[in-house]
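*Asks:* Here is my input, please return the structure:
(one chain, ligands or ions: 2)
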Amino acid sequence: MGEIDPAFVQAPEHRPKLSVIEAEGIPVIDMSPLLSSDDAISNTDPSAIEELVRQVGSACKEWGFFQVINHGAPLESKQRIESVGKKFFAQNLEEKKKVRRDIVKVMGYYETEHTKNVRDWKEVFDFTMEEPTLIPASIDPDDKEITEWYNQWPEFPPEMRETFQEYAHHMEKLALKLMELIAMSLGLPPKQFHGFFKDQTSWIRLNYYPPCPNPDLVLGCGRHKDSGALTVLAQDEVPGLEVRRKSDGEWVLVKPLPDAYIINVGDVIQVWCNDAYESVEHRVMLSADKARLSYPFFLFPAHYTNVQPLEELTDEQNPPKYRPYNWGKFLATRKRSNFMKLDVENIQIHHFRINN
Ligand code: OGA
Ligand code: NI
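*Replies:* Residues are numbered from 1 along each chain as shown. Ligands and ions are numbered 1, 2, ... in the order given. Predicted structure coming up:
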């Protein structure tokens, strides 16, 4: 096994396959019909919007994943975050550990994450959109105390805070636009979901995947689903992200496109729409000789949101498939198990599924 620590080695059934499927990729959706107006979807040519909504709905249903182009988020902002991110990760460990996360300061830098005792081969830097972000202080459902999360910003690169906050602003705007299209695709008013994000708990993660001598045994990020509402992910030119195709369960590589964002439906949308759209598994393959950088924006609702199937999307024929769960408690539980490195399954939406 060479120099690989056994803690990184995936069980045989989860190992990367060397033959990568690229044939039928995830849909690429051109958002240019929205470019002419900054906010109001209603200002633009209705038939173009209708077609866009149809494409988004079909991609959410068939794949749970798609890429967007002509999305309105400036390329320079993405280039800046990429260049600053590279400078940050290129520092030695000691410097990076100055902003290391812990159980109190949950945002910042860390090296790898344990999932069921297997480690991801990566380094991470997390920061929240809102400063502070309000979140339950404990996972006890009866404890109503709220705590505040603050970001940790390093001294170097000095422009990191400003660059990242500017990028975050563009991501929020894009994510909310996409939520409007998703709402319309479900037959709902465009702004149906907006209220949930007023006091959002969203954050941005920078994933840095160093080259790995054994990319056939180890994953950069093990198979998982994203727990929030929507993820807007940018990746550099090094491929690695694989999506589990719904039609046959094969892992399909998401080809890097310059200036595109990769969008995926998270667990919260799955619950809100009562399984009309599903959150899809994905993972990250490593390269033997190239480092890779990716930076997802996780759109998360306010901590006080009780996540449950929307009344508008359920009826007697289609009764709610989930019991309500409190988003803040869910998130706090997730965070806690990250630090405990528990060898048990993390909290998941299927724990709230109604078996009828
Ligand atoms: C994640 C994730 C994919 C990637 O951080 O949740 O799925 O390409 N990342 O890094
Ligand atoms: Ni993910």
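
*Asks:* Name all residues that make contact with the nearest residue to residue 9 once chain neighbours are set aside.
*Replies:* Taking C-beta to C-beta, 6 or more residues apart in numbering, and ignoring the residues beside it in sequence, residue 9 has residue 217 as its nearest neighbour in space, at 5.0 Å. No exception for glycine: its C-beta is placed from N, CA and C like everyone else's. Contacts for residue 217 (C-beta atoms under 8 Å, 6 or more residues apart in numbering) come out as 1, 4, 8, 9, 10, 15, 16.

*Asks:* and of these, the nearest to ligand 1?
*Replies:* Within the contacts of residue 217, the smallest distance to ligand 1 is 13.6 Å, found for residue 16 (C-beta to the nearest ligand atom).

*Asks:* For residue 201, see how far away the residue lying closest to the closest one once chain neighbours are set aside is.
*Replies:* For residue 16, the nearest residue in space outside its immediate sequence neighbours is residue 285; the separation is 4.9 Å by C-beta to C-beta, 6+ apart. Taken as C-beta to C-beta, to the nearest Å, the spacing of residue 285 relative to residue 201 amounts to 29 Å.

*Asks:* just to revisit the earlier point, the residue nearest to residue 16 contacts residue 240, correct?
*Replies:* Yes: if you go by C-beta atoms under 8 Å, residue 285 and residue 240 touch, sitting 5.0 Å apart.

*Asks:* who touches both of the two?
*Replies:* If you check residue 285 and residue 240 against C-beta under 8 Å, 6+ apart, the residues they both contact are residue 220.

*Asks:* who are the neighbours in contact with residue 86?
*Replies:* By C-beta under 8 Å, 6+ apart, the contact set of residue 86 is residue 293.

*Asks:* mind starting the numbering at 32 from now?
*Replies:* From this message on, residue numbering opens at 32, which makes the last subject residue 117.

*Asks:* Kindly provide the distance from it to residue 192.
*Replies:* Residue 117 sits 16 Å away from residue 192, taking C-beta to C-beta as the criterion.

*Asks:* What of residue 156?
*Replies:* Counting by C-beta to C-beta, the gap between residue 156 and residue 192 amounts to 12 Å.

*Asks:* Show me just the buried residues among the contacts of residue 248.
*Replies:* By neighbour count, with 16 or more other C-beta atoms under 10 Å, the contacts of residue 248 hold 39, 40, 41, 47 as buried.

*Asks:* Can I get these in a markdown table including pLDDT, secondary structure and distance to residue 382?
*Replies:* As requested, the buried ones among the contacts of residue 248 are exported to a markdown table (pLDDT from 0 to 100; DSSP: H, G, I helix; E, B strand; the rest coil; distance: C-beta to C-beta, whole Å):
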| residue | pLDDT | secondary structure | distance to residue 382 |
| --- | --- | --- | --- |
| 39 | 85 | helix | 28 |
| 40 | 88 | strand | 28 |
| 41 | 85 | coil | 25 |
| 47 | 76 | coil | 29 |
